[in-house]
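> just the structure for this:
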Amino acid sequence: MAQVDAGANARVAVLVDCDNTTPEILEHALRVVAQFGRVVLRRGYGNHTTLANKWQEALVRLAFTPCLQYQYAAGKNTADIALALDAMEAMFDGRAETFCIVTSDSDFAYLCRKLRERGTTVHIVGEAKTPDALRNASDQFFEWRPAEPAASPNSTTLPIPSAPAPKPKLRPKSVVSAVSLLAADTSDGRVHVGALGSYLRRTDPAFSPQTFGHSGLISMLKTYDLLALRQEVGGHWTVALVAAKDASGAPDSSGSVAA
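Below is the predicted model of the structure:
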């Protein structure tokens, strides 16, 4: 899938909901947004307990400005409001046109929608628990998964079990539907793979070929019996629908078929 030019000059704001996520996500978020432009705002929002304990080292080391928000009443989270106001202010002031909000809290879905209505790009970096309401409110959602804990050096060595059989690669049926829809408006029935990737990401901000076991969109398209992939003069790839029937294979619960 085509990516934004790594040398893009877009101004990026990274705003972190420290009360709702873990410091280990921070470096992942910075690696993600590096492809979209230059980070000009780095801010972490939370209450005194959050910022003074587990977040202090990460915010200092990665040059984030801590935005301490005291709780004016028990159970009231003022950090969320501060993050939202700062995001809107940065957008209206023109200090940033791309926003990366690091959170798994669906309360920020409305903020994402308002920012996008004003023409900005919004990315979410969150954990697996992130609700669909927040994922779909962004231009692109990046899921962070914690690293597997290392084995203790004093632990008893157990026999290494045989490697499990590799999981079959999946072919989401939504890809065939997308090609059929986009190709209907073309003279030759073919769709640029870059345009297809952009469409799939717009319809599902969390879409990624890696989720289905493929190294990229090209490798995923090569596994479809119903799609004809072709490299054109100039090096770009196009794809066309070659039959009007469902792909062969037993469907799984995700609406995909095994490759």
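> who does the top strand by length along the chain touch, helix- and strand-wise?
When the chain is parsed with DSSP state E, its longest strand is strand 38-46. Counting contacts by 3 or more C-beta pairs under 8 Å, 6 or more residues apart in numbering; DSSP states H and E, strand 38-46 packs against strand 11-17, strand 65-68, helix 78-93. Yep, even glycine has a C-beta here, placed from its N, CA and C like the rest.
> count the neighbours of Ala206 for me.
Residues near Ala206, counting by other C-beta atoms under 10 Å, number 17.
> quick check: it vs Leu134, distance?
Distance, Ala206 to Leu134, using C-beta to C-beta, to the nearest Å: 10 Å.
> mind listing the shared neighbours of these two?
Residues touching both Ala206 and Leu134 (C-beta atoms under 8 Å, 6 or more residues apart in numbering): Phe141.
> buried residues in the next helix or strand after the longest strand of the chain, which are they?
The helix or strand immediately downstream of strand 38-46 is helix 48-52, counting by DSSP states H and E. By 16 or more other C-beta atoms under 10 Å, the buried positions in helix 48-52 come out as Thr50, Leu51.
> immediately after helix 48-52, which helix or strand?
Next element after helix 48-52 (DSSP H and E): helix 56-61.
> would you map the strands across the stretch 151-259 of the chain?
Using DSSP state E, counting those that start in this stretch, the strands of the stretch 151-259 of the chain run over 170-172, 190-192, 227-231, 237-241, 256-258.
> and of those, who's closest to Phe36?
Minimum separation from Phe36 across those (C-beta to C-beta) falls at strand 190-192, 21.4 Å.
> which elements pack onto that closest one?
helix 173-183, strand 237-241.
> still on that earlier bit, and the helices and strands packed on strand 38-46: which comes nearest Phe212?
Judged by C-beta to C-beta, the one of the helices and strands packed on strand 38-46 that comes nearest to Phe212 is strand 11-17, at 28.4 Å.
> tell me how far whatever helix or strand comes next after that closest one lies from the chain's centre.
As assigned by DSSP H and E, the chain's next helix or strand after strand 11-17 is helix 25-33. Computed by C-alpha atoms, centre = their mean, to the nearest Å, the chain-centroid distance of helix 25-33 equals 11 Å.
> point out where the protein drops to low pLDDT.
By pLDDT under 70, the weakly predicted segments of the chain are 1-8, 72-76, 148-166, 243-255, 257-259.
> let me see the domain layout of it.
Using automatic domain parsing, the domain parsing of the chain gives 11-143, 170-258.
> out of these, deepest packed?
Comparing the domains of the chain by mean neighbour count (mean count of other C-beta atoms under 10 Å), domain 11-143 ranks first with a mean of 18.
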